[in-house]
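Asker: Prediction below, plus the sequence it came from.
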Amino acid sequence: MSVTIIRFRLLEQPSTNGPTMNLPTRLFTFCPFDVRTVCDASFVSALLQRVRKTLDVAVRTLKTSAQRRKSPSGEEKMNENTAAYVGSVRIFRAFLTKYRGLAVVVQMSSLVAATATFSLLSPIATAQQSGGLDTATYGPYGGLAYGRYPDTAAQEFWTHDAMVLPDDRVVASGTCVAVGASPAGNRFCLAVWNASGTTVALYVHSTPINRVSAANGGAIAQQADGKIVATAPCIFFAGGTVNQFCTVRFNADFTSDTTFATGFQNLAPSPSTVADSIANAISVQPDGKIVIAGQCGSSTGVRFCAARLLPDGNGDSTFGGSTSLRSFLGVHSTSEFDRVKRIALTPDGKIYLGGDCKQDVTSLFRACVSRLNTDGSIDTAFSGATFKPLLLPQMSGGSTNDFVSDMVVQGNGEFVFAGSCSNTGSTVQVPCALRMGAPSATQFTAGTWYLGSEVSTGTSVLRGTTGSALASEGFAKVAFQRDGKMLALTSETTGIGPFFTSYRLRRYNEDGSRDANWTIAAFSFKEPGSSATQERGVAIGQQSSGKVLLMGRIYVDPLVGSDSGREARVIRFENRSDSARNCSADIDGDGKVLSTTDGLLLARASLGLTGNAVIAGAVGVGAIRDSWIEIRDFLITQCGMKTIVP
């Protein structure tokens, strides 16, 4: 349930029977984003508690104000205006208590003497619940909540990756069949949607590379100057069969950047001349250098690998140390199959490559990560004096594989590896995530525990609920909102083949529990009636309004449907604006920052004290947070002090 309180105002009280009391004017807009935004129930609950306290203060102030006068019998008596005011305040306070948590809209336009009015409006009908498809305002196809490219069979576009720009436009990188271009073939392309998804434009790169792979792999990133770099596997030589890392750059206006190398760059991190190098991730360092990583073939399988380009697009010959232009990592299995899924750059210049690796002893997959030094050489101090990636703790409840599809870094520096693992009975794959603490000089520390995970593990593992043996589900992509909640795109397979795949967009609280204020519904990147035989989600993004965008692709086999071809899809979901953490030095919320109150509260909590030992004599007059529970929750949820003793 949610509550929307549009506006509540405490005005100075006019009086005809004495001086006007100087009651401070306060305006509460209960949702911190927009006066007509629906708030989460937990947020509203905390605000209602704040309002009740404020109303109590108002009553006490009125009772002790100069407007009190004694009756002929000597008893204290408030004038009629003040009595009516206090009565109205008490009524409203009781109203808030009674209707706390209900889905209603409350509007109190003014509270002036005896003329206070309350209007209880109808239950919310127009407010969109977070997680619902934005069928009203997104895309050109009324009621479908998506944008697509192309609209006709005259063109094809195969999405590799996508991102939301600061101005809320969506950019998808991929390959397209360059109609009418010479030489013909698959080129690097960008599809760009406007913020509302109603229009889309295609930009074909001018590079003559015409063998860009339409298979998996590929990634996109934006530089600080607004330029966009895109990488994907491609066959560089005509008649060749081996993929390399190929990269191009587009200007901020999406035209081709011909100053980037010779218009494009191709590298082959794999030492094997007969094995593919598949680029899965790309990231831009603060100095403008571009790191690309993925999986590279060897004579016996697939390994972690990475390469780096200079800001001008040429290869960085200093990267990888003695290996030159590449880092080619060791493996855990004689049947090599280690894959980088994402790159993370840390402020100290280290480069983290996250993905999954196959073990040699058990032949099972595990989450794994490698750290490279600033020169691209393998940091063996991190991986335990070995060139192999570091294997991470098991996520599975049984003795089966842990697959990783994404790695993201939270605002507090913790790493989250997301994918799928088995349930306790090893009968089905379920969504799983592993949280590792911010890495120290030589190793990961223990991650924050998922104490409220869907299946309680008591560890840093989030494991999904036990599903049906015929319905395997896993995280495909994850992203974090500004408030620390995790958005997760999951894919579920309920049979054999692409016709039995469905998607869900889920949201989790920081402790791993499902967000009760998020609607979960199965959806497809295919429009109703589509004969698409394949679909895949490639990215999650969020616009400035808080709304969530999922980017994906579909493929229609010419043997199945008349609308054959490859198309990109963008779907938008409703999401009430997420409040970023609001940490303030005013810990007790009395409007002042004092060493004798706020400083003392922080020092005591930091020392591990709890309860009255923290708040005794340290809470200011009129404080919004005047109990240990409120102080503790503020420091944990808003200031990120997760080590505070409960």
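Answerer: Looks like it arrived, so ask away.
Asker: When you work out contacts or count neighbours from here on, use the C-alpha atoms and nothing else.
Answerer: Noted.
Asker: And the helices in the chain, which stretches?
Answerer: Ranges of helices within the chain are 41-63, 80-98, 380-383, 600-606, 612-615, 628-637, based on DSSP state H.
Asker: Lowest average pLDDT across those helices?
Answerer: Lowest mean pLDDT of the helices of the chain: helix 80-98, a mean of 50.
Asker: Contact partners for V478?
Answerer: 406-408, 418, 486-489, 540 (Cα atoms under 8 Å, 6 or more residues apart in numbering).
Asker: From those, list the buried ones, please.
Answerer: 406-408, 418, 486-489, 540 (16 or more other Cα atoms under 10 Å).
Asker: These into a markdown table, with extra columns for distance to G464?
Answerer: Listed next are the buried ones among the contacts of V478 as a markdown table, based on distance: Cα to Cα, whole Å:
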| residue | distance to G464 |
| --- | --- |
| D406 | 16 |
| M407 | 17 |
| V408 | 19 |
| A418 | 11 |
| M486 | 14 |
| L487 | 14 |
| A488 | 12 |
| L489 | 13 |
| I540 | 20 |
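Asker: Give me the subset of the residues you listed lying in strands.
Answerer: 406-408, 418, 486-489, 540 (DSSP state E).
Asker: Out of those residues, which one has the lowest pLDDT?
Answerer: Taken together, those show their lowest pLDDT at M486, with 92.
Asker: In space, what's closest to that one - neighbours in sequence excluded?
Answerer: Nearest residue to M486, sequence neighbours excluded (Cα to Cα, 6 or more residues apart in numbering): F480, at 4.5 Å.
Asker: do the same with S491
Answerer: Y503 (4.5 Å).
Asker: can you tell me how far the one you found sits from A252?
Answerer: 33 Å (Cα to Cα, to the nearest Å).
Asker: Which one of the two is surrounded by more residues?
Answerer: In terms of neighbours (other Cα atoms under 10 Å), Y503 is the more surrounded of Y503 and A252; the figures are 22 against 14.
Asker: what sits against the more buried one?
Answerer: 489-492, 522-524.
Asker: So which of the residues you listed sit within strands?
Answerer: Those of those mapping onto strands are 489-492, 522-523, per DSSP E.
Asker: Need the pLDDT of the residue nearest to S491.
Answerer: At Y503, pLDDT is 91.
Asker: cool, and V619?
Answerer: Confidence score, pLDDT, at V619: 91.
Asker: For it, give its distance to G447.
Answerer: Applying Cα to Cα to V619 and G447 gives a distance of 33 Å.
Asker: Compare neighbour counts for those two and give me the winner.
Answerer: Set V619 next to G447 and count neighbours by other Cα under 10 Å: V619 wins out with 23 against 18.
Asker: tally of neighbours for the closest residue in space to the more buried one that isn't next to it in sequence?
Answerer: Distance criterion Cα to Cα, 6+ apart; nearest residue to V619, sequence neighbours excluded, is T597 at 5.5 Å. Using other Cα under 10 Å, T597 has 22 neighbouring residues.
Asker: So, low pLDDT: which residues of the stretch 151-300 of the chain?
Answerer: Within the stretch 151-300 of the chain, the stretches with pLDDT under 70 are 151-154, 178-184, 238-240, 268-274.
Asker: mind running it again at 50?
Answerer: Within the stretch 151-300 of the chain, no range satisfies pLDDT under 50.
Asker: these two touch, right, N612 and W628?
Answerer: Yes: taking contacts as Cα atoms under 8 Å, N612 lies within contact range of W628: 6.8 Å.
Asker: where's the residue found closest to D338 once you drop the neighbours it is linked to in the chain relative to T262, distance?
Answerer: By the measure of Cα to Cα, 6+ apart, the closest residue to D338 outside its immediate chain neighbours is C357, 4.3 Å from it. For C357, the distance to T262 (Cα to Cα) stands at 35 Å.
Asker: Among these two, which residue is more densely surrounded?
Answerer: Ranked by neighbour count (other Cα under 10 Å), C357 and T262 place C357 first, with 33 against 13.
Asker: partner residues bridging that one?
Answerer: Counting by DSSP bridges, C357 is bridged to R366.
Asker: Can you tell me how far it is from A367?
Answerer: For C357 relative to A367 (Cα to Cα), the value is 6 Å.
Asker: which residues are common contacts for the two?
Answerer: L391.
Asker: got a list of what the residue nearest to D338 touches?
Answerer: 331-332, 337-339, 365-368, 389, 391.
Asker: Repeat that for N423.
Answerer: 396-398, 429-430, 463-466.
Asker: let's see 7 Å
Answerer: Contacts for N423 (Cα atoms under 7 Å, 6 or more residues apart in numbering) come out as 396-398, 429-430, 466.
Asker: I'd like to know which of those residues are buried.
Answerer: In these, burial by neighbour count holds for 396-397, 429-430, 466, counting by 16+ other Cα under 10 Å.
Asker: which one of those residues is nearest L144?
Answerer: V430 (28.8 Å; Cα to Cα).
Asker: Quick one: neighbours of the residue nearest to Y352 when sequence neighbours are not counted, just the number.
Answerer: With sequence-adjacent residues excluded and distances taken as Cα to Cα, 6+ apart, Y352 is closest to R371, at 4.6 Å. By other Cα under 10 Å, the residues close to R371 number 26.
Asker: Go ahead and confirm R371 touches D379.
Answerer: Yes: at 5.5 Å, R371 and D379 qualify as touching, with contact defined as Cα atoms under 7 Å.
Asker: picking that back up, if we take the ones in strands among the contacts of Y503, which one ends up nearest to Q285?
Answerer: Closest to Q285, out of all of the ones in strands among the contacts of Y503 and judged by Cα to Cα, is L489, at 27.1 Å.
Asker: contacting residues for the closest residue to that closest one other than its chain neighbours?
Answerer: Closest residue in space to L489, ignoring its immediate chain neighbours: L505 at 4.7 Å, by Cα to Cα, 6+ apart. Taking Cα under 7 Å, 6+ apart, we find L505 in contact with 488-490, 520.
Asker: Who are the contact partners of the nearest residue to P150 once chain neighbours are set aside?
Answerer: Using Cα to Cα, 6+ apart and skipping the chain neighbours, the partner closest in space to P150 is E567 (6.0 Å). Residues in contact with E567 (Cα under 7 Å, 6+ apart) are 148-150, 156-158, 553-555.
Asker: Also G413?
Answerer: By Cα under 7 Å, 6+ apart, the contact list for G413 reads A438.
Asker: pLDDT value on it, please?
Answerer: Note on G413: pLDDT of 84.
Asker: now swap in G495 and tell me
Answerer: Predicted confidence (pLDDT) for G495: 60.
Asker: Tell me where the stretch 501-646 of the chain has strands.
Answerer: 501-508, 522-523, 534-542, 548-556, 565-573 (DSSP state E, counting those that start in this stretch).
Asker: and which of the ones in strands among the buried ones among the contacts of V478 is nearest L451?
Answerer: Looking across these and measuring by Cα to Cα, the closest to L451 is M486, at 15.1 Å.
Asker: how much space between the closest one and L165?
Answerer: For M486 relative to L165 (Cα to Cα), the value is 20 Å.
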